[in-house]
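K.L.:
Give me a 3D structure for the following:
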Amino acid sequence: MYWHKALNSSLINGKLYQGSDTFTVNNPANEQLIETLSSVDMAGCQQALDAAITCFEALKSTTAKQRSDALLKWHSLILEHKQALAELVTLEQGKVLKESLAEVDYAAGFVKWFADEAHRSYGEIIPANSPTQQLTVIKQGVGVVFGITPWNFPLAMITRKVAPAYAAGCSFILKPSEYTPLSALALCQLALQAGMETGAFQTLVTEDAAQLGAFFCEHKQVRKITFTGSTRVGQILLSQSAQSIKRASLELGGNAPFMVFASADIKKAVQGLMVAKFRNAGQTCVAANRVLVQNACLDEFLAELKQQTARLKVADGFTGDADLGPLINTQAKLKAQSLVEDAVAQGAEVAYQGEEKAGQFMAPIILTEVNQSMEISRSEIFAPVVAIQTFEDEDQALTMANSVDEGLAAYFYSQDMAQVQRVASNLEYGMVGINEALISNPVAPFGGMKASGLGREGAKQGLEEYQEVKYLCQSF
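P.N.:
Here you go, the predicted structure:
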């Protein structure tokens, strides 16, 4: 079952909205047309904003239980349509079906978590100095929220924004990636079926993200923006929001180090790297971008890595035994190839290269002799390319790991408990995987330091991002 035959335009206030322009969505596995969609115009944007403003006022009178009940119903509907949603993700995004199925569970997990968290949003009573005063703190929804989500996790990146916003009593206007709008429209439709108010979750589809971003970020009645994507675009959105002093949650670029110390369980480290690097064909913001291996264990690590990498199958995501699907578009493949060519030209060696693939498919590549001056060490690769650097000792490893502007996720493998504590404390990253490569979890705060963004998603902090704290001083 595919939703795209019924949903081919924006969902505004519960209804399909037809604009004058269109854009197409193609299957990255074969570059064939999936659907032609109507692109929202500025009149539609204003209509969505008006509906969101009206809905936010109505949401103020709802209870946490009412909002939680709607979220729980949404959670049930997502799981009820798990297979269809997963197939839609594989169709328009390309990841292998087993990963799409896992993403549905991951996306549903955020909805369930925030359905429960809605009941755990507590205020405070502060002891007053005067017997005639009562000091209290309450939490209220921040207001209308505008969000932009990426194509690499087209379901989960939506639910981890929309679910906490709704739990807090906010209305949400979503602009999903133009590469994966169908998944977003399907999620939105299920949310409305679950009982969310029509203005509480609206989805605007278009190729013109810049125009929508400017309109909503500059509008004073939008009180918060939330964005997952590149640091460059995040800077633009933050600048546009500055005039109206909006709240902002930004999950931006990553350049994750994956550190392997001599004391590590090498087989476990390689198994971890297979997940941290090759999941979604390397197209994740927390992917292992720089693999830092201590010289003393390089040979053992590389031998095991080549053996495991050679077993990977690159194919259409609907192929039953496929491990890696295509990259999202031709530009992504060309960028990755350019980074590899530049590294090799500067002295990197190709330790392993899979059989060349046509179209937007890219076979795994392992590079050694990579150094920090190469562009591949400073850019998000977003492809199945392992770039290995070496280090002599712990101090050098930490210096290398912390040398970049980004600070989203880091990973390291060590069985030296004293070293584990030192390294974990000194890594300048918002999330650290210690002998673990799969760190994302709805119950834990997701976010980074430095140029990797502002705020956190998931956990109790994810709900607080959509709340204002109000202090009340009452005299008797």
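
K.L.:
can you pull out the strands in the stretch 301-450 of the chain?
P.N.:
Applying DSSP state E, counting those that start in this stretch to the stretch 301-450 of the chain gives strands spanning 349-353, 365-368, 385-391, 406-407, 409-413, 431-434, 449-450.

K.L.:
what's the most buried one of those?
P.N.:
Across the strands of the stretch 301-450 of the chain, the average number of neighbours (mean count of other Cβ atoms under 10 Å) peaks for strand 409-413, which reaches a mean of 29. All C-beta atoms are positioned from the backbone trio N, CA, C, and that covers glycine.

K.L.:
Same list (the strands of the stretch 301-450 of the chain) but as JSON lines, adding mean pLDDT.
P.N.:
Listed next are those as JSON lines, based on pLDDT from 0 to 100:
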{"stretch": "strand 349-353", "mean pLDDT": "98"}
{"stretch": "strand 365-368", "mean pLDDT": "99"}
{"stretch": "strand 385-391", "mean pLDDT": "99"}
{"stretch": "strand 406-407", "mean pLDDT": "98"}
{"stretch": "strand 409-413", "mean pLDDT": "99"}
{"stretch": "strand 431-434", "mean pLDDT": "99"}
{"stretch": "strand 449-450", "mean pLDDT": "98"}
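
K.L.:
and those as TSV, adding distance to residue 176?
P.N.:
Formatted as TSV, the strands of the stretch 301-450 of the chain follow (distance: least, Cβ to Cβ, whole Å):
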stretch	distance to residue 176
strand 349-353	34
strand 365-368	30
strand 385-391	27
strand 406-407	24
strand 409-413	23
strand 431-434	24
strand 449-450	27
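
K.L.:
out of the ones you listed, which comes closest to residue 474?
P.N.:
Residue 474 sits nearest to strand 449-450 of all the strands of the stretch 301-450 of the chain, at 39.2 Å, using Cβ to Cβ.

K.L.:
Give the other helices and strands that whichever helix or strand comes after the closest one contacts.
P.N.:
Using DSSP states H and E, the next helix or strand after strand 449-450 towards the C-terminus is strand 453-454. Strand 453-454 sits against strand 247-251, with contacts defined as 3 or more Cβ pairs under 8 Å, 6 or more residues apart in numbering; DSSP states H and E.

K.L.:
For the strand it packs on, which strands pair with it and how are they oriented?
P.N.:
Applying DSSP bridges, strand 247-251 is found paired with strand 222-228 (parallel), strand 453-454 (antiparallel).

K.L.:
In a markdown table, list the ones you listed along with mean pLDDT.
P.N.:
Compiled in a markdown table, the strands paired with strand 247-251 are given as follows (pLDDT from 0 to 100):
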| stretch | mean pLDDT |
| --- | --- |
| strand 222-228 | 99 |
| strand 453-454 | 97 |
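
K.L.:
mind listing what residue 141 touches?
P.N.:
Contact analysis of residue 141 by Cβ atoms under 8 Å, 6 or more residues apart in numbering lists 56, 59, 60, 165, 168, 169, 170, 466, 467, 468.

K.L.:
quick one, phi psi at the third one?
P.N.:
It stands for residue 60. Main-chain dihedrals, residue 60, degrees, to the nearest 10: phi -60, psi -30.

K.L.:
The last one now?
P.N.:
Per-residue torsions, residue 468: phi -100, psi 140 (degrees, to the nearest 10).

K.L.:
unless I'm mixing things up, it is touching residue 140, no?
P.N.:
Yes - if you go by Cβ atoms under 8 Å, residue 468 and residue 140 touch, sitting 5.2 Å apart.

K.L.:
just checking, what packs against the longest helix seen in the chain?
P.N.:
Longest helix in the chain by number of residues (criterion: DSSP state H): helix 97-117. Contacts defined by 3+ Cβ pairs under 8 Å, 6+ apart place helix 97-117 against helix 64-80, helix 82-93, helix 156-168, helix 459-464.

K.L.:
would CSV of those helices with distance to residue 257, mean pLDDT and mean neighbour count be doable?
P.N.:
Listed next are the helices and strands packed on helix 97-117 as CSV, based on distance: least, Cβ to Cβ, whole Å; pLDDT from 0 to 100; neighbours: other Cβ atoms under 10 Å:
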stretch, distance to residue 257, mean pLDDT, mean neighbour count
helix 64-80, 34, 99, 19
helix 82-93, 27, 98, 22
helix 156-168, 23, 99, 29
helix 459-464, 23, 98, 20
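
K.L.:
And the helices in the stretch 101-250 of the chain?
P.N.:
156-168, 181-193, 209-218, 231-241 (DSSP state H, counting those that start in this stretch).

K.L.:
Can you spell out which helices and strands pack onto the third one?
P.N.:
By that I understand helix 209-218. With contacts defined as 3+ Cβ pairs under 8 Å, 6+ apart, helix 209-218 has these neighbours: helix 42-59, strand 144-148, strand 171-175, strand 222-228, helix 231-241.

K.L.:
Mind checking the pLDDT average for that helix?
P.N.:
Computed over helix 209-218, the mean pLDDT rounds to 96.

K.L.:
give the contact list for the closest residue to residue 310 other than its chain neighbours.
P.N.:
Of all residues not flanking residue 310 in the chain, residue 352 sits nearest, at 7.1 Å (Cβ to Cβ, 6 or more residues apart in numbering). Contact analysis of residue 352 by Cβ under 8 Å, 6+ apart lists 305, 306, 309, 310, 364, 365, 366.

K.L.:
From those, pick the one nearest residue 67.
P.N.:
Nearest member of the contacts of residue 352 to residue 67, counting by Cβ to Cβ, is residue 364, at 44.4 Å.
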